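K.L.:
Mind folding the following:
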Amino acid sequence: MDLGAVMKRMKLGSSDLMVSEWCLGTMTFGTQTDEADAHRQIDMSVEAGLDFLDTAEMYPVNPLKAETVGNSEAILGTWLAGGGSRDAVTIATKVSGNNGGFVRGGDGFSARNLREAVEGSLRRLRTDVIDLYQLHWPDRGSYMFRQNWTYDPSGQNKAETLDHMDGILHVMAEIVAEGKVRAFGLSNESAWGTTRWIDRAEVTGGPRVAAVQNEYSLMCRLYDTDMAEMSVNEDVTLLAFSPLAAGILTGKYLGGAVPQGSRRDLVPEMGGRVAPREDAAARAYVALADAHGIDPVHMALAWHRTRPFRSIPIFGATTTEQLQHILAGRDVVLSEELVAAIDNTHREHPMPY
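P.N.:
Model prediction:
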């Protein structure tokens, strides 16, 4: 299928990075997606004008294993080493926080070990520069991944948090000056945390936050209030992970169906997304897409263009066939009527998991 080579582009915050308005996630590269298929996916994406790739030092997942840590980055590296053009792609990766022993024996990121983590990613990626380097989740903790239901920040120490930020930013400033990282980002962050990182960058001379990678989809809209306000006023681009709600919004899990080899087959709780109200919400969105004559996958991704802040969906595809299906909807534009109907559906099915 000839997808051409035109895709709209978007600026990452106040950085000098211009990227495609969609991003290919690679967290299944090395588990569900083997190296050959992963390389085909990158080729397909670049051919379609999608040049933005996201990975992390702890990937792949589904399942997450200590012995596979770094393999997704390594697969991107073999694509580059095998003839893939470094100039054709923008690569984002992430340093893991406290991670249960999967990376660095469970040690998170700090001023002490950040350079080691960057150098490790550069080696696996087989490149001299990381375009966007992100902190995978806050060292102090996060309300993401369903922790919002019982979130308790009362144990945080503000002075320690700010000292930690200053240390990271000093090292990041050195790494950026050396040309090893071009832009700095966060992930699984809050409005308070993001604005503090921005404030401390101004004080320390460290790099300013260009993007924050948080979960955001039709079924997970925590970003719509304080984070949205922060995004607009601080010029921070959202990189929205799980825009298809880990596949729930495709409709393939309706009625409790579990396709063999799917994410739900491998990780039954789907990161806490399997919940009593999840099926009804998914059914409502799939029915809404059908009523408007649009594929539910294409509706879920096109919706990001309607947001009052810059939002780049990061989607993964287990196979090239799935990726081809996703890319076929890259030019879909939602009507005002459909956007209004989506908001009404959200009110009827708020935060279903």
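
K.L.:
hey, let's count contacts and neighbours off CA atoms from now on
P.N.:
Will do.

K.L.:
residue ranges for the helices of the stretch 101-250 of the chain, please.
P.N.:
Counting by DSSP state H, counting those that start in this stretch, the stretch 101-250 of the chain has helices at residues 114-125, 158-177, 191-204, 226-234.

K.L.:
Reformat those helices as a markdown table; add distance to residue 185.
P.N.:
Shown next, in a markdown table, are these (distance: least, C-alpha to C-alpha, whole Å):
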| stretch | distance to residue 185 |
| --- | --- |
| helix 114-125 | 14 |
| helix 158-177 | 11 |
| helix 191-204 | 9 |
| helix 226-234 | 13 |
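
K.L.:
Pipe the ones you listed into TSV and attach mean neighbour count per row.
P.N.:
Listed next are these as TSV, based on neighbours: other C-alpha atoms under 10 Å:
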stretch	mean neighbour count
helix 114-125	18
helix 158-177	17
helix 191-204	17
helix 226-234	17
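
K.L.:
Tabulate these in JSON lines, adding columns for distance to residue 93 and mean pLDDT.
P.N.:
As requested, the helices of the stretch 101-250 of the chain are exported to JSON lines (distance: least, C-alpha to C-alpha, whole Å; pLDDT from 0 to 100):
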{"stretch": "helix 114-125", "distance to residue 93": "8", "mean pLDDT": "98"}
{"stretch": "helix 158-177", "distance to residue 93": "14", "mean pLDDT": "98"}
{"stretch": "helix 191-204", "distance to residue 93": "18", "mean pLDDT": "98"}
{"stretch": "helix 226-234", "distance to residue 93": "21", "mean pLDDT": "98"}
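
K.L.:
Can you list the low-confidence ranges for the protein?
P.N.:
The model of the chain has pLDDT under 70 over residues 1-6.

K.L.:
let's see 50
P.N.:
1-4 (pLDDT under 50).

K.L.:
just to revisit the earlier point, mind checking which of the helices of the stretch 101-250 of the chain is nearest residue 10?
P.N.:
helix 226-234 (14.2 Å; C-alpha to C-alpha).

K.L.:
what residues does the closest one touch?
P.N.:
Residues from elsewhere that reach helix 226-234 (C-alpha atoms under 8 Å, 6 or more residues apart in numbering): 190, 191, 195, 236, 237, 238, 308, 309, 310.

K.L.:
again with stretch 19-33
P.N.:
7-12, 35, 38, 45, 49-56, 59-63, 68, 71-72, 75, 90, 261, 311-319.

K.L.:
before we move on, back to that, pull out the buried residues from the contacts of helix 226-234.
P.N.:
190, 195, 236, 237, 238, 309, 310 (16 or more other C-alpha atoms under 10 Å).

K.L.:
rewinding a little: which of the contacts of stretch 19-33 are buried? Put it as a ChimeraX command.
P.N.:
To isolate the buried subset of these in ChimeraX, counting by 16+ other C-alpha under 10 Å, use the following:
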select :7,9,10,11,12,35,38,45,49,50,51,52,53,54,55,56,59,60,61,62,68,71,72,75,90,311,312,313,314,315,316,317,318,319
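
K.L.:
Mind checking which of the contacts of stretch 19-33 are in helices?
P.N.:
In this view, these that belong to helices under DSSP state H are 35, 38, 45, 71, 72, 75.

K.L.:
Just the closest of the residues you listed to residue 203, please.
P.N.:
Using C-alpha to C-alpha, these come closest to residue 203 at residue 72, 35.2 Å.

K.L.:
Might you report the residue contacts of that closest one?
P.N.:
Residue 72 neighbours (C-alpha under 8 Å, 6+ apart): 26, 27, 28, 29, 30, 55, 56, 57, 59, 60.

K.L.:
ok, now how distant is the residue lying closest to residue 272 once chain neighbours are set aside from residue 324?
P.N.:
With C-alpha to C-alpha, 6 or more residues apart in numbering as the criterion, residue 272 has its nearest non-adjacent residue at 6.4 Å, and that residue is residue 146. According to C-alpha to C-alpha, to the nearest Å, residue 146 and residue 324 sit 31 Å apart.

K.L.:
Comparing these two, which residue is more hemmed in?
P.N.:
Neighbour count, other C-alpha atoms under 10 Å: between residue 146 and residue 324, residue 324 has more, with 17 against 14.

K.L.:
contacting residues around that one?
P.N.:
Counting by C-alpha under 8 Å, 6+ apart, residue 324 has contacts residue 44.

K.L.:
Please verify my assumption that residue 270 contacts residue 263.
P.N.:
Yes. Counting by C-alpha atoms under 8 Å, residue 270 does reach residue 263; the two are 7.2 Å apart.

K.L.:
Please enumerate the shared neighbours of those two.
P.N.:
Taking C-alpha under 8 Å, 6+ apart as the criterion, residue 270 and residue 263 both touch residue 246.

K.L.:
Which of these two has more residues huddled nearby?
P.N.:
Neighbour count, other C-alpha under 10 Å: between residue 270 and residue 263, residue 263 has more, with 21 against 17.

K.L.:
show me what contacts the more buried one?
P.N.:
Here residue 263 is in contact with 62, 246, 247, 270 (C-alpha under 8 Å, 6+ apart).
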